[in-house]
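Q: Give me the fold of what follows.
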Amino acid sequence: MLRKRSGILSPAVAMLLWSVVFIANAADGIIIEDCVIEPNKVAEVSSAVTGVIDQLAVKRGELVKKGQVVATLKSGIEKATVELARVRSERDQAIKAKRARLEFSQRRLKRNQELFAQNLISEQVVDEAETDVLLAELELGEFLEERMIAILELERAQEALEVRTIRSPFSGVVVEVLVAPGESVENRSLLKIASIDPLNVEIIAPVPLFGKIKKGTKATVIPEEPIGGKHTARVVIVDRVLDAASGTFGIRLQLSNRNYKLPAGLRCRAEFSDI
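A: Have a look, this model is predicted:
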């Protein structure tokens, strides 16, 4: 259905009617008969490391949350490395033993110093006790440094294990699964995820509408049947570079889609009543 203003349309404007857009009078606003509802972003999820798929945790069409595990790679070696690093980083008994030796050496030095003050032992005995304290301090310090290194090695091992767990980069729906358990994932995508809340409504509008529809303008979006219904959207992008060959420019609306009631990939109609 096309409407036109009263009067004669210029040839240039008439040629633009191929886009099935019409401009009604001020009371009717602007109706764009052809638009497309699309995901606001689509990602082909891949692995940061090479490996073999162990498990796929999602299927095509499933909804996923940001950070949710969608796949794992075989990681037996990495898990064993983590456990070994954890044991090395949790050697509390050895630290207690080193500290106990240091405390004992310090007590013996104190007693020897008291005896030396009473001329009951030689200076050499005191010197040996001081050396024992120094060695005990060095041994404890060296062990604490080794433990810190072990903690860092544990963190590295955990990171190496974590990258073998693939998570969803955002909330959305699984569009396509591209691998199966047992397959290698070197230089390939595992699955495709689309974010559909909010949705983008893409419009190709004729040049005469430029300046009439602005960022922030509200519109009513009517999806094609059998979905139908009326949904409020808001303009978020108006292209500043026009296409001279077709005499058009792009407009993007953002449409809230809580609970994922609307699917992406629908054609639609957009009505701008406050123009």
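Q: Low-confidence bits of the protein, can you list those?
A: For the chain, applying pLDDT under 70 flags the ranges 1-28.
Q: which one's the longest helix in it?
A: helix 123-162 (DSSP state H).
Q: Which SSE is immediately downstream of it?
A: strand 165-167 (DSSP states H and E).
Q: which outside residues touch that next one?
A: 45, 46, 47, 67, 68, 69, 70, 71, 72, 73, 190 (Cβ atoms under 8 Å, 6 or more residues apart in numbering). Where C-beta positions appear, they are placed from N, C-alpha and C, glycine not excepted.
Q: How many residues are close by residue 118?
A: By other Cβ atoms under 10 Å, 7 other residues sit near residue 118.
Q: tell me which element the residue positioned nearest the centre of the chain is part of?
A: A centroid search over the chain (Cα atoms, centre = their mean) returns residue 169, at 3.4 Å, as the residue closest to the centre. Assigned by DSSP H and E, residue 169 falls within no helix or strand.
Q: And residue 114, by the same measure?
A: Residue-wise, residue 114 maps onto helix 92-117 under DSSP H and E.
Q: Next, the buried residues of that helix.
A: 98, 101, 102, 105, 109, 112, 116 (16 or more other Cβ atoms under 10 Å).
Q: Just want the angle from it to helix 123-162.
A: Interaxial angle of helix 92-117 relative to helix 123-162 (axes from the mean of the first three to the mean of the last three Cα atoms, to 10 degrees): 160 degrees.
Q: so what does helix 92-117 touch, helix or strand wise?
A: Helix 92-117 is packed against helix 123-162, with contacts defined by 3 or more Cβ pairs under 8 Å, 6 or more residues apart in numbering; DSSP states H and E.
Q: buried residues in the helix it packs on?
A: 126, 129, 132-133, 136, 140, 143, 147, 150, 153-154, 157, 161.
Q: neighbours of residue 191, just the number please.
A: By other Cβ under 10 Å, the residues close to residue 191 number 23.
Q: now residue 228
A: Residue 228: 11 surrounding residues under other Cβ under 10 Å.
Q: Give me the spatial nearest neighbour of residue 257, chain neighbours excluded.
A: In space, and not counting its chain neighbours, residue 257 is closest to residue 197: 4.3 Å by Cβ to Cβ, 6 or more residues apart in numbering.
Q: Go ahead and confirm that neighbour touches residue 254.
A: No - taking Cβ atoms under 8 Å as the definition, residue 197 is not a contact partner of residue 254, at 10.3 Å.
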